[in-house]
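**Student:** Mind looking at a prediction? Sequence and model below.
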Amino acid sequence: MRIFFIATLVTLLFVAAQPRAGGQDRNAPAKGAATAKASAPTDMTGYWVAFVSEDWRFRMVTPRKGDYQAVPMTAEARKVAEAWDPAADEAAGKQCKAYGAAAIMRVPARFHITWQDENTLRVDSDSGMQTRLFHFNSTSQTPPPLPPGERTWQGYSIAQWQKAALKVTTTNLRAGYLRKNGVPYSENAAVTEYFDIAPLPDGGKLMLDTVIVDDPQYLQLPFTVSSQFKKEADGSKWDPTPCTAR
Amino acid sequence: MGSNAVYCKMSWSNVQSGGPKSVGAAILAAALMGLFACRAASGQVELTGSWAVRNHEVLTGDGLPVDFAGIPLNDEARIRALSYSQSQLEMVERQCQGWPAFYLVQGPFGLKIWSETDPIKGNVIAYIIGAWEDRAPLTIWMDGRAHPSEYAEHTRAGFTTGKWEGDTLVAYTTHMKAGFLRKTGAPSSDEATLTTRFYRHGDLLTLLAIIEDPIYLAEPWILSKSFQLTATPLPPIGPPCITAYEGSVGATAPHYLPEKNPFVDEMTTKFGVPRAAALGQPETLYPEYRKQIPAAAPAK
């Protein structure tokens, strides 16, 4: 009887110590959590500043026409890029073509992340003054059908927590530029992103955004870049500026 | 991860079967063994395999002799970088001075990762990332061993330990030889350290590298790069860097005297990059610097 009691006790402890089924761990959303905000495994809200340690000459200044290094463009994409005309974009009111969802996180900018509601994460940029909405509450995991003409620079984004990371898939885009010198993506592009949070040596926080742009029309293979952002204490350096085409 | 799962099941079987004379002690021992072993396995992901590189970011930055844009260099590093001449690579003793471990996220190559496992317990003792022709293999020790004494030998790859934080492998590298932050002369010291985080999302592996160098960096330099899992095995490349006589006896080290580097404005004339940015001034890595960029910077 005593042995049975000890065995039962030990078994209960053993089972309780195991990871949850399905590969989930303590970072996974709590079962039965009502909202994305309540089940968030990590706090992504706050002000984040781009740390431009990569591709400086493609991001901080407008690259010259024809400077497409490292982008796996199709021949059709090259033709489109060679016809890049920032004056024409300005005249057409399309100064924000390089600020769409496929490129906005590569723009040297500050980003303010907040919960718009319990199931929508909002990302504002100061440069270009864009707003992205990450929808967690989609049951179908597909964007709602939109009539032609209602595509937007930021498209429609579906979000889900994947353990400690945030996965975001964006479609319904207006055609735009991957780089400011006219490297195109089409309106049929799909953008997949993974956001991860890491500590910095000084005790601060770093956000890593890995972006995969899938666009068979203009890209030979998915265009994959990752960008880093440092968390700032407040919005004192927030500096809204409109899109520019050049 | 699979072997750990098997071990968890074996421990549970031991608990269920009983058998030994002291049943209670056996149950307790087996359960505790299983508990600790399975806890160690929680949250891990498989990293081994061949990972093809996605070179959609220009991280080598070696297209021009003076391009330190994006590196937060301090003044001492800048002076050394501008004194560097790539003709030094003619010298036998300098041909292999190049790349410390952080070349992992800068170079144009994929990653071949495999693990060494304990033959009894099955747990991972180390992950090894295979060499490339000018990068040494990297061993990430997972068995809890300490880093060596500060007086221990420094090597090209350095000494690396790793641990799991949830699904993320975090590797920490010390004891690297002095080398380059960028191939064109931006220096790194033998006091530099590297923290690498391995994020796996499906078939995509993204490495986040944080490089600290109290001698040459004004603040940590942060890079990231992604790799795609591939069924095509990456070929073994190596051994890394073999020296050869290239016509120089090494009587003098090619260099530029202060203010005499002829390439200092090449980034400006070719790409419209201001000199401060080309020379890696730390403030140029933040968005507000764009307001200081002269509107007339030529982009020829």
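**Tutor:** Sure, I can see it. Residues are numbered from 1 along each chain as shown, chains lettered A, B, ... in the order given.
**Student:** so what's the residue of the stretch 101-250 of chain B found nearest chain A bridging to?
**Tutor:** Relative to chain A, the nearest point of the stretch 101-250 of chain B is B:Ser224 (4.1 Å; CB to the nearest CB). Placement of C-beta: from N, CA and C, glycine included. In this entry, B:Ser224 is beta-bridged to B:Leu208, by DSSP bridges.
**Student:** Enumerate every residue touching it.
**Tutor:** A:Glu54, A:Leu208, A:Thr210, A:Ser226, A:Ser227, A:Gln228, B:Val105, B:Thr206, B:Leu207, B:Leu208, B:Ala209 (CB atoms under 8 Å, 6 or more residues apart in numbering or on different chains).
**Student:** start to end distance for stretch A:49-59?
**Tutor:** End-to-end distance of stretch A:49-59 (CA to CA, to the nearest Å): 14 Å.
**Student:** Sketch out the low-pLDDT regions of chain A for me.
**Tutor:** Counting by pLDDT under 70, the ranges of chain A that qualify are A:1-33, A:138-142, A:144-149.
**Student:** now the stretch 101-250 of chain B
**Tutor:** Ranges of the stretch 101-250 of chain B meeting pLDDT under 70: B:238-240, B:249-250.
**Student:** Let's see that with 80 instead.
**Tutor:** Within the stretch 101-250 of chain B, the ranges that satisfy pLDDT under 80 run B:133-134, B:236-241, B:246-250.
**Student:** which residues of it fall in strands?
**Tutor:** For the stretch 101-250 of chain B, applying DSSP state E, counting those that start in this stretch gives strands covering B:111-117, B:124-129, B:138-141, B:159-165, B:168-174, B:179-180, B:187-188, B:193-201, B:204-212, B:221-230.
**Student:** Excluding chain neighbours, give the residue nearest to B:Thr232 in space.
**Tutor:** The shortest distance from B:Thr232 to any non-neighbouring residue, by CB to CB, 6 or more residues apart in numbering or on different chains, is to B:Ser50 (6.6 Å).
**Student:** likewise B:Leu217?
**Tutor:** Among residues not flanking B:Leu217 along the chain, B:Pro72 sits closest, at 5.8 Å (CB to CB, 6+ apart).
**Student:** what sits against that neighbour?
**Tutor:** By CB under 8 Å, 6+ apart, B:Pro72 lies in contact with A:Ser53, B:Leu217, B:Ala218, B:Glu219, B:Pro220, B:Trp221, B:Gly280, B:Pro282, B:Leu285.
**Student:** number of nearby residues for the residue nearest to B:Thr232?
**Tutor:** 19 (other CB atoms under 10 Å in any protein chain shown).
**Student:** Return the list of helices and strands in contact with the one helix or strand it maps to.
**Tutor:** Secondary structure from DSSP states H and E places B:Ser50 in strand B:49-53. Applying 3 or more CB pairs under 8 Å, 6 or more residues apart in numbering or on different chains; DSSP states H and E, we find strand B:49-53 packed against strand B:111-117, strand B:221-230.
**Student:** which of these is buried the deepest?
**Tutor:** strand B:221-230 (a mean of 22; mean count of other CB atoms under 10 Å in any protein chain shown).
**Student:** just checking, B:Leu279 touches B:Ile79?
**Tutor:** No. Applying CB atoms under 8 Å as the test, B:Leu279 and B:Ile79 come out as separate, 10.1 Å apart.
**Student:** Please name whichever of the helices and strands packed on strand B:49-53 is nearest to A:Val71.
**Tutor:** With respect to A:Val71, and counting by CB to CB, the nearest of the helices and strands packed on strand B:49-53 is strand B:221-230 at 14.6 Å.
**Student:** what packs against the following helix or strand past the closest one?
**Tutor:** Following strand B:221-230 in sequence order, the next helix or strand is helix B:266-271 (DSSP H and E). For helix B:266-271, the elements it packs on are helix B:275-278, judged by 3+ CB pairs under 8 Å, 6+ apart.
**Student:** re earlier: read off the pLDDT value for the residue nearest to B:Thr232.
**Tutor:** pLDDT for B:Ser50: 97.
**Student:** thought it was touching B:Pro233?
**Tutor:** Yes. Counting by CB under 8 Å, B:Ser50 does reach B:Pro233; the two are 5.1 Å apart.
**Student:** what touches both of the two?
**Tutor:** With CB under 8 Å, 6+ apart, B:Ser50 and B:Pro233 have common neighbours B:Lys112.
**Student:** At which residues are the helices of chain A located?
**Tutor:** A:2-17, A:56-59, A:75-82, A:86-91 (DSSP state H).
**Student:** Report the separation between the residue most central in space within chain A and B:Pro148.
**Tutor:** Geometric centre of chain A, nearest residue: A:Glu193, 4.7 Å, by CA atoms, centre = their mean. Distance of A:Glu193 to B:Pro148, given as CB to CB, to the nearest Å: 40 Å.
**Student:** For A:Lys180, find the nearest of the helices and strands packed on strand B:49-53.
**Tutor:** Between A:Lys180 and these, the shortest gap by CB to CB is with strand B:221-230, which sits at 21.2 Å.
**Student:** Stretch A:68-78: end-to-end distance?
**Tutor:** End residues of stretch A:68-78 are separated by 9 Å (CA to CA).
**Student:** which residues touch that stretch?
**Tutor:** The contact list for stretch A:68-78 (CB under 8 Å, 6+ apart) reads A:55, A:58, A:81, A:178-179, A:181, A:183-184, A:217-221, A:223, B:55-58.
**Student:** That stretch: which residues count as buried?
**Tutor:** A:Tyr68, A:Ala70, A:Val71, A:Pro72, A:Met73, A:Ala77, A:Arg78 (16 or more other CB atoms under 10 Å in any protein chain shown).
**Student:** go on, stretch B:210-218?
**Tutor:** For stretch B:210-218, the buried set under the neighbour-count rule, 16+ other CB under 10 Å, comprises B:Ile210, B:Ile211, B:Asp213, B:Tyr216, B:Leu217, B:Ala218.
**Student:** before we move on, what about stretch B:52-63?
**Tutor:** Buried-residue list, stretch B:52-63, by 16+ other CB under 10 Å: B:Ala52, B:Val53, B:Arg54, B:Asn55, B:His56, B:Glu57, B:Val58, B:Leu59, B:Gly61.
**Student:** which outside residues touch it?
**Tutor:** With CB under 8 Å, 6+ apart as the criterion, stretch B:52-63 contacts A:54-55, A:58, A:69-72, A:223-226, B:67-70, B:105-111, B:182-184, B:223, B:225-230, B:232, B:234.
**Student:** Just the CA atoms of that stretch, as CSV, please.
**Tutor:** Written as CSV, here are the backbone C-alpha positions of stretch B:52-63 (Å, rounded to 0.1, in the frame of the first residue of the first chain):
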residue,chain,number,x,y,z
ALA,B,52,20.9,26.8,-48.3
VAL,B,53,21.8,30.4,-48.0
ARG,B,54,19.5,33.2,-49.0
ASN,B,55,21.8,36.0,-50.1
HIS,B,56,19.2,38.7,-50.4
GLU,B,57,21.1,41.1,-48.1
VAL,B,58,24.6,42.3,-48.8
LEU,B,59,26.4,41.5,-45.6
THR,B,60,29.9,41.0,-46.8
GLY,B,61,30.2,44.6,-47.9
ASP,B,62,33.5,44.0,-49.7
GLY,B,63,32.6,45.6,-53.0
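**Student:** In contact with the closest residue to A:Met44 other than its chain neighbours, which residues?
**Tutor:** Leaving aside its sequence neighbours, A:Met44 sits nearest to A:Ile113 (CB to CB, 6+ apart; 5.3 Å). A:Ile113 is in contact with A:Met44, A:Thr45, A:Gly46, A:Trp48, A:Leu121, A:Arg122, A:Val123, A:Asp124, counting by CB under 8 Å, 6+ apart.
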